[in-house]
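A.B. asks: following is a predicted model, sequence given first.
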Amino acid sequence: MLEHIPLIYYALAGLFNFIASFALSFFVFYKNPKSRTNQTFSFWTLAVAGWSLCYFLWLSTEKSYLAEFYLRTLMLFVIFIPSTFTHFILTFLKINYDKRINIGNYLISILLGCMVYSRLLARDIGPFLVFPFWLKPAFLFSIHSIHFFTNVIYSHFLMLRAIRHQSGIFRNQVFYVFVGTVIGYSAGAINYLTWYRIPIPPFLNPLNSISVAFISYAILKYRLMDIKVALTRTGIFVVVYTMVLGIPFWIGYTTKSWLPSTGLAVFLATLGPFIYIYLDRKAEQRLLKEQRRYQETLKQASVGMTRIRNLKRLLDLITHIVTKTVKITYAGIYLYDREANEYVLQVCRDKGRTPIPKLTADNPLIQRLINNRQPLIYEEVRLEAQTVNHTTEKSLEENMRLLTASVVIPSFLEDRLLGFIVLGEKASGQIYTPDDLNVFQVLAAQSALAIENARFFEETKQMQEQIGQAEKMATIGTMADGLSHQINNRFYALSLIAADTIDTIKLTDTSQCSPEVKEMLDQINHALERIKENVIQGGEVVKGVLKYTRKGEEGLEPLALDQILDATLDMLKYKINLSEIDIIRGYAKDLPKIKGNQIQLQEVFFNFCDNAYDAICERKVTLKEEGYRGKINFSAQPKDTMLEITIEDNGMGIKEDFNKKVFTPFFTTKTSSHKGTGLGLYVIKKIITDNHKGRVSFKSAYKVGTRFIVELPLA
């Protein structure tokens with residue numbers, strides 16, 4: 001049957017192989033001309049393309065001398081195929097090999113190439129099988145055959161060893177190259193049977209194109225489909241289109257009637273794609289049954305997780321589902337921390353791994369996720385770093401290695417990178433397929449919504465607690481009148497007791513007392529005097545608290561800025577140590593008065609000073625600058641019908657991300673919840689804008705300081 005295949009089949013196979021090999025050789029080289037892998041692949045496929053072109057020319061001529069020339073030139077290209085192939089495999093596998101291997105290989109090819117047009121390599125052209133012209137092998141042809149098959153076997157041994165020891169994407173790439181070269185060399189090696197006059201024609205020559213296509217795909221694409229799926233698809237394609245093209249050709253050739261066979265070819269060509277799609281879908285259902293199962297589980301889990309309100313429980317659930325369902329060796333979730341401007345590890349499930357705890361927002365990995373919005377695969381990043389050899393790519397590769405990440409899936413909420421999921425290798429050693437990555441992206445998107453919901457719930461709960469605390473403080477404020485009356489009564493009683501005791505000591509005759517008794521009475525008198533002084537100071541404190549907590553409903557009146565600041569500092573000294581900072585009044589004493597409420601404006605400036613002091617303390621603790629001293633500078637100047645007052649400190653400042661939230665109720669930048677409820681600046685704005693018809697704004701630079709600008713109407 002095989003010997004009846006017409007000569008034109010082999011000629012067209014050579015032409016088809018030439019077009020495919022030459023085009024792919026150029027395309028792979030063009031994609032990355034600096035890559036050694038791409039370069040050596042192009043050299044090898046050019047040798048294959050030269051062999052294929054000469055194959056076509058040899059079988060297309062009817063002249064003996066031209067056929068012999070093309071046949072010997074064909075052999076010249078074949079002689080260089082093993083050398084270029086081994087060179088390509090050694091480069092592709094990144095093996096530290098002895099360069100003498102390549103030198104020796106190329107020397108053998110060059111020496112044999114010099115003999116290709118002599119009778120030492122081949123002789124006696126004549127017909128064999130369907131071929132009108134074929135040479136007989138001579139002595140050197142056997143040396144070439146040994147050289148050819150030694151290189152092919154050695155290179156495939158190296159690939160098998162790499163498949164055993166490698167994992168992930170690179171292992172799958174090696175699989176593709178291995179399968180592709182086995183197909184190609186199995187098809188091409190049949191030609192050697194014909195050379196040695198074994199009557200089996202090289203009917204598999206067209207498979208060389210499939211071989212080159214397989215290897216090109218492995219070099220250019222990182223996210224390869226499962227090798228079983230790829231082989232199945234290729235097999236189905238070959239079978240379907242062999243029938244589509246072969247049946248009409250066979251009918252036409254046997255019946256010598258080409259019109260019916262052409263009509264049948266058109267019909268089968270129309271039907272072919274539908275048959276292929278149907279068989280391909282059925283095959284994938286069987287091959288990817290396990291993968292489809294866990295992908296469906298992840299989709300169902302991503303829908304249900306939005307109902308979970310506890311953030312810690314939600315993150316634990318996500319990592320648990322991913323590691324158990326997909327059988328991943330490691331999983332971790334990093335979320336954005338607004339205050340630190342970092343992505344911090346929140347939860348992880350591993351097997352003795354120690355990943356890095358956080359990444360800054362300007363990290364190359366974070367920037368790549370934000371810019372590309374696509375999953376990052378370690379093998380892709382590693383290969384890119386080796387190819388490009390740029391600092392950014394190398395840093396990206398190092399960060400993924402420190403994260404112990406095979407894949408990083410970004411989790412976006414609109415345009416904001418909320419966090420990312422880090423996945424280790426699959427326990428099975430299999431690769432992450434494009435379908436896997438699509439499902440993980442859906443999971444990450446749903447996770448972002450669920451995490452935001454959980455955070456909102458926790459923030460709402462915290463806000464309720466702050467409201468309760470604010471209500472308690474407000475209640476204490478309403479009780480201030482009664483409390484101050486009770487406290488003042490106690491102070492008054494203590495003052496009377498102390499005064500009476502002092503008078504008693506003064507009226508007592510101590511002339512007969514011993515020196516020890518006199519000294520004791522002096523000490524008691526001194527202690528009572530201190531009690532009187534502290535009672536007076538305590539009364540002043542109570543008076544200040546009462547004055548501060550009153551609602552200030554007396555209306556607006558002309559007020560001097562000094563008058564307000566004096567009252568503010570009188571109250572402030574009982575909360576903070578004013579000697580630790582510098583209070584600077586950088587304004588003229590003859591400023592025009594403002595129209596305001598004394599109690600309310602005292603509250604405004606008290607809050608400004610209190611917040612500035614906290615920011616100064618935070619900078620002192622955080623930055624630990626030598627010689628640093630806190631300052632609060634007040635300056636003012638008239639501006640049309642308003643007095644513009646500036647309150648500037650050199651504290652820690654406010655991060656840019658928080659600028660829009662400063663006047664939001666219950667928002668606070670203070671590190672401890674015991675320091676504030678987040679109502680201070682919100683209340684300040686209400687007092688200035690609503691009660692006084694003024695304006696307030698601010699400018700802040702993190703680690704530099706903050707400046708508030710208040711505009712109040714002139715009296």
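C.D. replies: That came through, no problem.
A.B. asks: quick one, helices of the stretch 401-550 of the chain?
C.D. replies: For the stretch 401-550 of the chain, the helices defined by DSSP state H, counting those that start in this stretch cover 434-478, 480-507, 515-549.
A.B. asks: between the ones you listed, which gets the lowest average pLDDT?
C.D. replies: Set side by side, the helices of the stretch 401-550 of the chain show their lowest mean pLDDT on helix 434-478, which sits at a mean of 67.
A.B. asks: residue contacts, the residue nearest to Arg707 when sequence neighbours are not counted?
C.D. replies: Among residues not flanking Arg707 along the chain, Glu648 sits closest, at 4.3 Å (CB to CB, 6 or more residues apart in numbering). Every C-beta, even on glycine, is put in place using the N, C-alpha and C of the backbone. Contact analysis of Glu648 by CB atoms under 8 Å, 6 or more residues apart in numbering lists Ile632, Asn633, Ser635, Gly705, Thr706, Arg707, Phe708.
A.B. asks: with pLDDT, distance to Leu76 and secondary structure added, can I get these in a markdown table?
C.D. replies: As requested, the contacts of Glu648 are arranged in a markdown table below (pLDDT from 0 to 100; distance: CB to CB, whole Å; DSSP: H, G, I helix; E, B strand; the rest coil):
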| residue | pLDDT | distance to Leu76 | secondary structure |
| --- | --- | --- | --- |
| Ile632 | 93 | 89 | strand |
| Asn633 | 93 | 88 | strand |
| Ser635 | 93 | 90 | strand |
| Gly705 | 90 | 79 | strand |
| Thr706 | 90 | 80 | strand |
| Arg707 | 92 | 81 | strand |
| Phe708 | 91 | 85 | strand |
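A.B. asks: now, which of those residues sits nearest Gly694?
C.D. replies: Each of these was scored against Gly694 by CB to CB, and Phe708 proved nearest at 12.1 Å.
A.B. asks: wait, doesn't the closest one sit right on Thr646?
C.D. replies: Yes - taking CB atoms under 8 Å as the contact criterion, Phe708 and Thr646 are neighbours in contact, 7.2 Å apart.
A.B. asks: more crowded one of those two?
C.D. replies: When neighbours are counted by other CB atoms under 10 Å, Phe708 comes out ahead of the other of Phe708 and Thr646, with 23 against 16.
A.B. asks: is that one bridged to anything, and to what?
C.D. replies: For Phe708, the residues forming beta bridges with it (DSSP bridges) are Ile647, Phe698.
A.B. asks: that one and Tyr682, how far apart?
C.D. replies: Between Phe708 and Tyr682 the distance, using CB to CB, to the nearest Å, works out to 14 Å.
A.B. asks: what of Gln39?
C.D. replies: Between Gln39 and Tyr682 the computed distance is 66 Å (CB to CB).
A.B. asks: how about Trp250?
C.D. replies: Summarising the geometry, the distance separating Trp250 from Tyr682, computed by CB to CB, is 87 Å.
A.B. asks: repeat for Arg171
C.D. replies: Taken as CB to CB, the span from Arg171 to Tyr682 is 59 Å.
A.B. asks: next: Leu74.
C.D. replies: For Leu74 relative to Tyr682 (CB to CB), the value is 86 Å.
A.B. asks: which of the two has more residues huddled nearby?
C.D. replies: For Leu74 against Tyr682, the residue with the higher neighbour count under other CB under 10 Å is Leu74, and the figures read 23 against 16.
A.B. asks: and the helix or strand encompassing that one, what's buried?
C.D. replies: Assigning secondary structure by DSSP states H and E places Leu74 in helix 64-92. Within helix 64-92, the residues that qualify as buried by neighbour count (16 or more other CB atoms under 10 Å) are 67-92.
A.B. asks: that helix - contacts with which helices or strands?
C.D. replies: Other helices and strands packing on helix 64-92, by 3 or more CB pairs under 8 Å, 6 or more residues apart in numbering; DSSP states H and E, are helix 36-60, helix 100-114, strand 122-128, strand 131-137, helix 139-165, helix 168-195.
A.B. asks: how does this structure divide into domains?
C.D. replies: Residue ranges for each domain of the chain read 2-221, 227-287, 292-457, 480-549, 557-713, as given by automatic domain parsing.
A.B. asks: centre of the chain to the last one, how far?
C.D. replies: What it means is domain 557-713. 40 Å (CA atoms, centre = their mean, to the nearest Å).
A.B. asks: what about it, start to end distance?
C.D. replies: Chord length of domain 557-713, first to last residue, is 11 Å (CA to CA, to the nearest Å).
A.B. asks: please tell me how far the residue nearest to Arg707 sits from Leu561.
C.D. replies: For Glu648, the distance to Leu561 - CB to CB - is 15 Å.
A.B. asks: and for Ile647?
C.D. replies: With distances defined as CB to CB, the gap from Ile647 to Leu561 amounts to 11 Å.
A.B. asks: what do those two both touch?
C.D. replies: Contact criterion CB under 8 Å, 6+ apart; residues bridging Ile647 and Leu561 by contacting each: Phe634.
A.B. asks: quick one: Pro201 and Ile5 touch, right?
C.D. replies: Yes - with contact defined as CB under 8 Å, Pro201 and Ile5 form a contacting pair (6.4 Å).
A.B. asks: more neighbours, those two?
C.D. replies: Neighbour tally, Pro201 and Ile5, criterion other CB under 10 Å: the higher count belongs to Pro201, 22 against 16.
A.B. asks: that one: which element?
C.D. replies: Residue-wise, Pro201 maps onto no helix or strand under DSSP H and E.
A.B. asks: need phi/psi at it.
C.D. replies: Geometry field for Pro201 lists phi and psi as phi -70, psi 160, criterion degrees, to the nearest 10.
A.B. asks: and Tyr196, by the same measure?
C.D. replies: Per degrees, to the nearest 10, the residue geometry at Tyr196, taken as phi and psi, is phi -90, psi 20.
A.B. asks: could you find the closest non-adjacent residue to it?
C.D. replies: Using CB to CB, 6+ apart and skipping the chain neighbours, the partner closest in space to Tyr196 is Pro137 (6.5 Å).
A.B. asks: next, the buried residues of stretch 133-149.
C.D. replies: Within stretch 133-149, the residues that count as buried by 16+ other CB under 10 Å are Phe133, Trp134, Leu135, Pro137, Leu140, Phe141, His144, His147, Phe148.
A.B. asks: grab the nearest non-local neighbour of the third one.
C.D. replies: Taking CB to CB, 6+ apart, and ignoring the residues beside it in sequence, Leu135 has Ala122 as its nearest neighbour in space, at 3.9 Å.
A.B. asks: I'd like to know how many residues surround the one you found.
C.D. replies: Under the neighbour criterion other CB under 10 Å, Ala122 is assigned a count of 23.
A.B. asks: what of Ala218?
C.D. replies: By the other CB under 10 Å criterion, the neighbourhood of Ala218 contains 24 residues.
A.B. asks: and the gap between it and Ser25?
C.D. replies: Where Ser25 is concerned, Ala218 sits at a distance of 15 Å (CB to CB).
A.B. asks: check contacts around the residue nearest to Tyr196.
C.D. replies: By CB under 8 Å, 6+ apart, Pro137 lies in contact with Leu121, Ala122, Ser145, Trp195, Tyr196.
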